[in-house]
Each structure stands twice: as structure tokens, then as C-alpha cells.
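S.K.: Sequence and predicted structure below; questions after.
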Amino acid sequence: MMPDDDSASFAGLALRPELLAALSALGYEEPTPIQRGAIPPLLEGRDLVGQAATGTGKTAAFALPLLQRLPAQRSGAAPMAAVLLPTRELAVQVSEAIHRYGRDLGVRVLPIYGGQPIPRQMRVLERGIDVVVATPGRALDHLGRGTLRFDAVEVVVLDEADEMLDMGFAEDIEALLDAMPAERQTVLFSATLPPRVDRIARRYLRDPIRIATGREVLAKGEAPRVRQQAYVVPRAHKPAALGRILDIEAPTAAIVFCRTRDAVDQLTESLNGRGYRAEALHGGMSQDQRDRAMGRLRNGTADLVVATDVAARGLDIKQLTHVVNYDVPASTDAYVHRIGRVGRAGREGVAITLAEPREYRMLTTLERAIKLRISIEKIPTVADLRARRLELTRAALEESLLEDDLSSFRVVVESLADEFDVMAIALAAVKLAHEASGAAAAEEEIPDVTPKSGRNEDARRQPREHRRGQPQSSGMTRLFVGLGRNAGIRPQDLVGAITGESQLRGRDIGAIEIADRFSLVEVPESAADHVLAALRATTVKGRKATVRRERDRGGPVR
């Protein structure tokens, strides 16, 4: 069970001053639920089983107590703590986090994993380390060579235990645990707790505390952090449907999961042909190729990665906004791991699943397992797509009118105005801008096979703030807010500002669209003037914003 006191601070967790200073410098204000639940018993030396997904703060939950027991002066070569985890990517991330938290303590931490030269790892191990962060295979390799000893280990952490077992590391983990002192603290974290994980816990942990993070409690008017939705699509139309959904959703960065390597390669080629900058990621690629693909997604030169589950394990992409299941996941555990990659740190995420008609019942099975509704949506029509593309063109033009210096183009307009009507000139310019964006591609209708059932009708009544990118609703008006993604604006910031300054409730607010330099938000037409006045008199995330009706130009742009 989790503690009831949600007001606890890191200072209230009795951490040493060096750790509190590091957390303050990193901008950490208060512990997450998994940290509040795990840190006190770990500081007491208890074994622990924690169920927590990636992105919930579990690294700090085990790293801070581990660093707490680090002696002031330690010169031993063998590590006093070991963290075992499934992938090199996760090993690097956890190692970096432990180093940041323990910098003022002088912690010596080393990640060891396959793909890195063993001699380099051996030299560091020989000089001595405090914490080793390792994948099981490489740790066992060093153990066999005698270059890594576990006789001084006081704490061992199994991070993402279910992933390690899925990858076939069960025997390696048991061999490593058997090589460690019996009198040690053992900590196990896992997003799911299937029987195979429970067997490891029963064998190697002593009377462990068990904690689990529940669903996050949302503030009034705040949208869920992960919007889960599905589309029922005939197999032959899945590539086109995915491209159309991505066009509507406009993700900042996305991972698309496929079952096989061949499917990854084929879909990557299809999406690149549609104009997306897509990168493939699967086990048939070298580690350098995979690193380059992920680097392009992180630095923004790629829009999305198409990956198999195995290749994407351990990845943490901060700017990730969408996860797409191109096929319905084979297990609930896989679905939980995938959607746990988005909706972190207060940001909204979107989880999309494409199901063939024969797979529809599998969606209901997933819902029962995760105890959450997966909204069944209709595939955007050609008309929806054209309206969306025109809207993006219009928004880009409006952004240019507001932000860019257009004086150098005045001579072109004035010379054309001698022969043509100004409206005709504007229409031609909009047409060229629209076509230059790649929006003139021909599209065919995709047959609608959405099941006609009571379940679907319930799903269609989801709040509008969960279904962005749709045409403007009847009775609603769209407001332009001159702050966007570059200012750190999130949907909940706009919802909070509006509900805090007007009589509207969160469910009264419609679709929200956030671009780099502006946002669009739907409110009831009857309340639009009041909302405009309220927003103009306040700030959004501490900043004043230009606010007006979207289609109200408010006179000439100067």
C-alpha cells in the first residue's frame, strides 16, 4: 500500500544533505508516489517489490537509498551495490542518474553492457567502483573472468524484472544473485508482476515490502495523461490509415510498434513515401545503426521510429508524445510497457492501437486487464484530412503574419495588385503554400468497419479534449492563444487557466491544438467573450498571451 501523506517532501524522507542538495539543483520539488512509498522502507534496509512503470520516478526510488548508505570514505575496488537491468540504453540512463544524484558524494558508478569493449570496462573495474549498473549477460561474463566481484555487495536492484525475464535472462539473474552475499538488501522493480517475476521474488527476497503505484489522481478539469484510443481497420488499409491518423494527430515524436522485422522495414518505407521522416529499429540492425536512429529521433531530424518490442526496450525519449500499436499487442504486459512510455512528467501522451476486425475482441480483453476505457474512433475521412491540412496551412500563415517581418515581400504584392484583385493574390499564395506543404496528395476513402455496438457508442461520448485535431464542434468557437509548445504550454495549462478564470468546467472545453508558437482551444460560443476577457486579464504559466477569436483578424497586422 502507498502512504496516505501526499504532502511529504524529500526533506521529510530523512535523506542526507548531499542528496537533498543534488535533488534541489536538478529541480526536483517533491517525491512521486513510488518514491514516497519505496524510500522509507529501503532506508530501513527492508527488501522490496515495487510495481511501477517507466517514467514514475522509480530510478530515484532505489538510487537515493542506495547512495544514502555510501560511506564517506571508501577505497574498495569491488562494488557495494549492483543494479541489473535489461538493455544497454537503460544501463546508460540509470548510471547517469545515479551519478547526478551522488555527484557530491563522489560516487563511482560504471555501466557495463554488451557492445562496449571489455578491456575498457576491465580497466575501470580494476581501479574500483561503488555501483555497477549492468545487463545480466555482460555482468556474468565479467564474473566468469574474475574482473568483477560481488562479495562486497550490500544492495542489489533488479530493474524492469519482467523485461529481463522476457528476454531470457532468468538463468543469468539467478547465477548472479547466487554469487552475492546472502546478507544483502534485494530490491525488485517491475511494471507488471506475472508469476515468473513472483517466483524470483519469493526465492531471493526476505519478507519484502510490496508497493504498487495506482492510477494518478487528476486535478479537477485536467485531462488524463495518456489518451488511449483504437481504430478498427482492414489489414489492406492499415498503412494508409496509420498515415492519415498521424496526419491528424501531428505527433512531436512517436514510436510505432510492429510484430516482426519485415513489418518494421515495410512500414518504415511506406511512411517515408508519405513524407514522414521515419527510422527503423529492430534486432537485425547493429547497435551503431540503432543508436543513430534514436539520435535522429531525439534531435528532431526524424519524426518517428518504427520498432519491434525487443529493439525498443529500455528506451526513454523525453519528447515522445505518441505510441502506436500497429498490431494489437500479444499480451497485456506488452501493452502496459508500451503506453507507459508517454504521458510522463505532467505531459499528455497518446496511445493508439490499430486493430483488424478479427482482433476487436482483444481490445475488450485489454480494457478489462488495465481497467481503463480504450476509445474506439472512426478513421479520419478524406474530408477530415483535407480540412486538417487546410487548417495547418491557415495556422502557419497566421503564425507568419504575427511573427515574421514580411516587408521585403510587399513589392511583389503591390506589383501584382496593379493587375489582379488582392483577394485573388491571397488565394493564389495560400494555394502555393498549401501545396508546398505536401498536402496535395490524392487520398482514397478507407472503408469503415467500426463495430456497431453499445460499447462503441459509449466510447464516442468521450470528452472533446481527448480528441484533438477534429473539425470545430457545433456551438463552439475556437480561440487563438499566442503561446505554444516553445513556451512549455500543455493542454492542462490552458484548461486550468480557463476554468480558473471563468465559470466553465473542464468538460465544457473542446478540442485543444498546440503548435510551436501558438495554441487553439475550443470553448462554447455563448461563453467566448467572457473567456477572452478573462484570459486577457491573466497569465498562462506566468506569461501574458495574445488571445482572440481564431478567425477574427482584429484589423490589419502591423
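M.R.: The structure has been received and is ready for your questions.

S.K.: Residues contacting stretch 280-287 from elsewhere in the structure, which ones?
M.R.: The set of residues external to stretch 280-287 that reach it, using CB atoms under 8 Å, 6 or more residues apart in numbering, is 88, 115, 261, 264-265, 268, 290, 293-294, 305-308, 310-312. All C-beta atoms are positioned from the backbone trio N, CA, C, and that covers glycine.

S.K.: for those, which one is nearest A14?
M.R.: Distance to A14 across those (CB to CB) is lowest for R88, with 34.1 Å.

S.K.: any idea where the strands of the stretch 251-400 of the chain begin and end?
M.R.: 254-257, 278-281, 304-307, 322-325, 349-355, 375-377 (DSSP state E, counting those that start in this stretch).

S.K.: Run through the residues that contact S415.
M.R.: Per CB under 8 Å, 6+ apart, neighbours of S415: none.

S.K.: From here on, call the first residue 2.
M.R.: Understood, numbering begins at 2; the last thing we discussed is S416.

S.K.: That one belongs to a strand, doesn't it?
M.R.: No - counting by DSSP: H, G, I helix; E, B strand; the rest coil, S416 falls outside a strand, being helix.

S.K.: Roughly how far does it sit from I426?
M.R.: 10 Å (CB to CB, to the nearest Å).

S.K.: Same question for N300.
M.R.: For N300 relative to I426 (CB to CB), the value is 39 Å.

S.K.: So those two - more neighbours on which side?
M.R.: Neighbours were counted for N300 and for I426 using other CB atoms under 10 Å; I426 has more, 16 against 9.

S.K.: Which helix or which strand is home to the more buried one?
M.R.: Assessed by DSSP states H and E, I426 sits inside helix 423-437.

S.K.: got the contact list for that helix?
M.R.: 390-391, 394-395, 397-398, 414, 417-418, 441.

S.K.: ok so, going back, out of the contacts of stretch 281-288, which comes closest to P381?
M.R.: Of all the contacts of stretch 281-288, P381 sits closest to V307, with 20.4 Å by CB to CB.

S.K.: Quick one: the helices in the stretch 2-151 of the chain, in order.
M.R.: For the stretch 2-151 of the chain, the helices defined by DSSP state H, counting those that start in this stretch occupy 18-26, 34-44, 59-69, 89-102, 119-128, 137-146.

S.K.: Output the ones you listed as a markdown table; include the columns distance to T322 and mean neighbour count.
M.R.: Formatted as a markdown table, those follow (distance: least, CB to CB, whole Å; neighbours: other CB atoms under 10 Å):
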| stretch | distance to T322 | mean neighbour count |
| --- | --- | --- |
| helix 18-26 | 27 | 16 |
| helix 34-44 | 23 | 22 |
| helix 59-69 | 22 | 25 |
| helix 89-102 | 19 | 20 |
| helix 119-128 | 36 | 14 |
| helix 137-146 | 32 | 18 |
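
S.K.: buried ones in stretch 385-397?
M.R.: For stretch 385-397, the neighbour count (16 or more other CB atoms under 10 Å) marks 385-386, 388-390, 392-394, 396 as buried.

S.K.: of these, closest to V324?
M.R.: R389 (21.0 Å).

S.K.: Would you check that that closest one makes contact with I249?
M.R.: Yes - the criterion here is CB atoms under 8 Å, and R389 meets it with I249 at 5.4 Å.

S.K.: Distance check, D449 against I377.
M.R.: Counting by CB to CB, the gap from D449 to I377 is 11 Å.

S.K.: who's more crowded, those two?
M.R.: Taking other CB under 10 Å, D449 and I377 do not tie; I377 has more neighbours (23 against 12).

S.K.: Which strand residues bridge that one?
M.R.: Beta-bridge partners of I377, counted by DSSP bridges, are A231.

S.K.: likewise V257?
M.R.: Beta-bridge partners for V257, by DSSP bridges, are V307, V325.

S.K.: got any ranges where the stretch 102-251 of the chain has weak pLDDT?
M.R.: Residue ranges of the stretch 102-251 of the chain with pLDDT under 70: 215-225.

S.K.: So which residues of it form strands?
M.R.: Using DSSP E, counting those that start in this stretch, the strands of the stretch 102-251 of the chain run over 110-113, 132-135, 156-159, 186-191, 210-213, 227-233.

S.K.: which helices and strands does the last one pack with?
M.R.: I take that to be strand 227-233. Strand 227-233 makes packing contacts with strand 350-356, strand 376-378 when contacts are defined by 3 or more CB pairs under 8 Å, 6 or more residues apart in numbering; DSSP states H and E.

S.K.: Direction included, what does the first one pair against?
M.R.: When sheet partners are counted by DSSP bridges, strand 350-356 sits next to strand 227-233 (parallel), strand 323-326 (parallel).

S.K.: Any chance you could list what contacts it?
M.R.: Under CB under 8 Å, 6+ apart, the answer for strand 350-356 is 226-234, 239, 242-243, 246, 250, 252, 321-330, 336, 339-340, 342-344, 363-364, 375.

S.K.: list the buried ones in stretch 259-278?
M.R.: 259, 262, 264-265, 268-269, 271-272, 275, 277.

S.K.: mean confidence score for that stretch?
M.R.: In this model, stretch 259-278 has a mean pLDDT of 85.

S.K.: what's that stretch in contact with?
M.R.: Residues outside stretch 259-278 that contact it (CB under 8 Å, 6+ apart): 240, 243-244, 247, 257, 279-285, 297, 302-305, 307-309, 327-328, 331, 439, 442.

S.K.: Any chance of the strands of the stretch 252-401 of the chain in JSON lines with distance to E45 as columns?
M.R.: Formatted as JSON lines, the strands of the stretch 252-401 of the chain follow (distance: least, CB to CB, whole Å):
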{"stretch": "strand 255-258", "distance to E45": "38"}
{"stretch": "strand 279-282", "distance to E45": "41"}
{"stretch": "strand 305-308", "distance to E45": "40"}
{"stretch": "strand 323-326", "distance to E45": "37"}
{"stretch": "strand 350-356", "distance to E45": "35"}
{"stretch": "strand 376-378", "distance to E45": "43"}
